[in-house]
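# 3D model of this:
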Amino acid sequence: MFFFYFEYVLSIMRTIIHDLNNDNLIKFKDDDLILTSDDNNNCIGCFNCWLNTPLNCIFKDALCNIGNTFLNTDELIIISENVNGCYSSKIKKVLERSLSYVEPYFTLRNGEIHHKLRNNKRIKLTVCIYGNITENDKLVFNMLLEANKKNFDNSSISINYIEGNIKELII
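Below you'll find the model as predicted:
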């Protein structure tokens, strides 16, 4: 039996994004905010969350305030099935809807152009990837996570690769 545990500190606001079909497979703390893309709209790139309704999406679903959620979280935990070295489409949908977390303006960081952060707080990023994972998938994922790290202006990301089907491993 495999048990997946995340360290919990009472004063930390954690946001968990996952693509698991059954939320009961992993027991999270009651204070954690759990986000999935089920029954939520895709980002259409209208930029209203930047221009007309800052931090608020035009779609009034569970992800409409995700920009504020990211601003208030201390740790972002992403649990995703590996899809050719990338996040699953459900995780990608949630991350795309978080666009309002950053400002529409650009800044230079480490010689690269990135969106300006709305505050100076750095979110701790923890990523768990499960499924069939080849060495090539890990290389591609590591490049993707390096880009995530730069976009969040973070110094490190904790990554866990779990071979096989996490749904079968967590009981």
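# which SS class is residue 121?
Recorded secondary structure, residue 121: coil (DSSP: H, G, I helix; E, B strand; the rest coil).
# same check, this time on residue 138
Classification of residue 138 using three-state DSSP returns helix.
# from what I can see it touches residue 159, true?
No - Residue 138 is beyond contact range of residue 159, at 9.0 Å (criterion: CB atoms under 8 Å). Placement of C-beta: from N, CA and C, glycine included.
# list the buried residues of stretch 72-89.
By neighbour count on 16 or more other CB atoms under 10 Å, the buried set for stretch 72-89 is 73, 75-83, 85-88.
# I meant stretch 59-66, not that one.
Across stretch 59-66, burial judged by 16+ other CB under 10 Å covers 59, 62-66.
# could you tell me how far stretch 92-102 lies from the centre of the chain?
Relative to its chain's centre, stretch 92-102 lies at 8 Å (CA atoms, centre = their mean, to the nearest Å).
# which residues does that stretch contact?
Here stretch 92-102 makes contact (CB atoms under 8 Å, 6 or more residues apart in numbering) with 17, 35-37, 40-43, 47, 49-50, 54-57, 63, 66-67, 69-71, 86-87, 114-118, 151.
# now the end-to-end length of that stretch.
The straight-line separation of the ends of stretch 92-102 (CA to CA, to the nearest Å) is 17 Å.
# check stretch 108-118 too.
Its start and end residues considered, stretch 108-118 measures 15 Å (CA to CA).
# same question for stretch 63-74, mean pLDDT?
Stretch 63-74 shows an average pLDDT of 90 in the prediction.
# next: stretch 43-51.
On average, the pLDDT along stretch 43-51 is 92.
# can you point out the buried residues in it?
Using 16+ other CB under 10 Å as the test for burial, stretch 43-51 gives 43, 49-50.
# lowest-confidence helix or strand of the protein?
Least confident helix or strand, the chain: helix 166-169 with a mean of 56, by mean pLDDT, DSSP states H and E.
# the residue nearest to residue 159 when sequence neighbours are not counted: neighbour count?
In space, and not counting its chain neighbours, residue 159 is closest to residue 127: 4.9 Å by CB to CB, 6 or more residues apart in numbering. Number of residues near residue 127 (other CB atoms under 10 Å) recorded here: 21.
# strands of this structure, start to end?
With strands called from DSSP state E, the chain shows them at 14-18, 33-35, 75-81, 102-109, 112-117, 124-131, 157-163.
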